[in-house]
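**Student:** Sequence and computational prediction follow.
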Amino acid sequence: MKIPKRIQPLVEEGLIDTVVRQLMSGKEATVFVVRCGEETRCAKVYKEASQRSFRQAASYQEGRKVKNSRQARAMEKGTRYGRKMQEETWQNAEVDALFRLAAAGVRVPRPYICFEGVLLMDLVTDADGNAAPRLNDVELSEAQALAYHAQLLHQVVLMLCAGVIHGDLSEYNILVDAEGPVIIDLPQAIDAAGNTEAGPMLERDVHNLATYFSQFAPQLATTQYGKEIWKLYVAGLLRSDTVLTGRVEAPKGQADVGAVMREIALARKEEEERLRYQNAE
Ligand SMILES: Nc1ncnc2c1ncn2[C@@H]1O[C@H](COP(=O)(O)OP(=O)(O)OP(=O)(O)O)[C@@H](O)[C@H]1O
Ligand SMILES: [Mg+2]
């Protein structure tokens, strides 16, 4: 097809040879199938800031690092330079997260570069080499649902061990290739250690998985993997091979036996006082 204007700079740089077709136009980006030499890849063209949605909310941005304090001040003030910086920080967040996660062994598309607001990455494909379906578009048996759920929990743990929380994990941001689920769409990824909302976000991501898969495997509906994973992470006990149970013990405060005994002694003393008072009358 004709090269879209936004992809032109990548063609000029020799990063892309031809554009095969448009794959999707989502809320945040338009995605194309492209050819780079012998390879078929995926180009995600980010939309302008004004067309984007909730995920730039402050709770996602917290803890993100910018290069220097001049940039930080400009971003706060919202100057033109500041807005440009904000735009770049947003666009680079996804490619940064992809590099970090790919290195940590998480199943994400392999990234190449983010250039002029276009992210170039591997195309996730099905067994026939076509663009892979989203998890939401595949019919699952109970056994498959349980297997995918377990695989995804393992991916979430690997991500958290690498310090990253997806922040918008759902059946729409997971593709299914021949080997199983692949996680995509990470511009809002959260820094697990630097964001005060990290715990609730992790729990929400994991809860979304349980809710989705419970339509095929109802026993998942009552699991508490998110709470369990976060508790282990906070305690410094989360490892990539940690065995999860899906249950967390209800907090049982230590019974304060001493206080109960003091309470009984006081009641007895009061009763003795009362009796003595009555007898004295
Ligand atoms: N690497 C990839 N390989 C194959 N397909 C992809 C890839 N990346 C994105 N897609 C397709 O493009 C769609 C949109 O991608 P993505 O979710 O990253 O963008 P988005 O603009 O945030 O979309 P949405 O608003 O729908 O969530 C995906 O649902 C998927 O079908
Ligand atoms: Mg998406």
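**Tutor:** Looks like it arrived, so ask away. Numbering: from 1, shown residues only. Ligands and ions are numbered 1, 2, ... in the order given.
**Student:** helix, strand or coil for the closest residue to residue 217 other than its chain neighbours?
**Tutor:** Excluding its sequence neighbours, the residue lying closest to residue 217 (CB to CB, 6 or more residues apart in numbering) is residue 145, at 4.4 Å. For glycine as for every other residue, the C-beta is placed from the backbone atoms N, C-alpha and C. Look at residue 145: counting by DSSP: H, G, I helix; E, B strand; the rest coil, its state is helix.
**Student:** Could you do residue 121 as well?
**Tutor:** strand.
**Student:** Just read off the phi/psi values of the closest residue to ligand 2 within the stretch 1-150 of the chain.
**Tutor:** Closest approach between the stretch 1-150 of the chain and ligand 2, counting by CB to the ion: residue 26, at 5.3 Å. Main-chain dihedrals, residue 26, degrees, to the nearest 10: phi -100, psi -170.
**Student:** again, but for residue 189
**Tutor:** Torsion angles, degrees, to the nearest 10, at residue 189: phi -50, psi 140.
**Student:** Show the contacting residues for the closest residue to it other than its chain neighbours.
**Tutor:** Leaving aside its sequence neighbours, residue 189 sits nearest to residue 97 (CB to CB, 6+ apart; 4.1 Å). Under the criterion of CB atoms under 8 Å, 6 or more residues apart in numbering, the neighbours of residue 97 are 164, 186, 187, 189.
**Student:** for the residue nearest to residue 217, what are its contacts?
**Tutor:** So residue 145 contacts 213, 216, 217, 220 (CB under 8 Å, 6+ apart).
**Student:** Just the buried residues from the residues you listed, in PyMOL please.
**Tutor:** Buried residues among the contacts of residue 145 (16 or more other CB atoms under 10 Å), as a PyMOL selection:
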select buried, resi 213+216+217+220
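**Student:** Straight-line length of stretch 156-165, end to end?
**Tutor:** 8 Å (CA to CA, to the nearest Å).
**Student:** So which bits of the stretch 151-281 of the chain are right by ligand 1?
**Tutor:** 172, 173, 175, 184, 185 (CB under 6 Å from any ligand atom).
**Student:** Are we agreed that the first one is in a strand?
**Tutor:** No. Under three-state DSSP, residue 172 sits outside any strand and is assigned coil.
**Student:** How many residues are close by it?
**Tutor:** 16 (other CB atoms under 10 Å).
**Student:** To which secondary structure element type does the closest residue to residue 25 other than its chain neighbours belong?
**Tutor:** Of all residues not flanking residue 25 in the chain, residue 31 sits nearest, at 7.6 Å (CB to CB, 6+ apart). Three-state call for residue 31 (three-state DSSP): strand.
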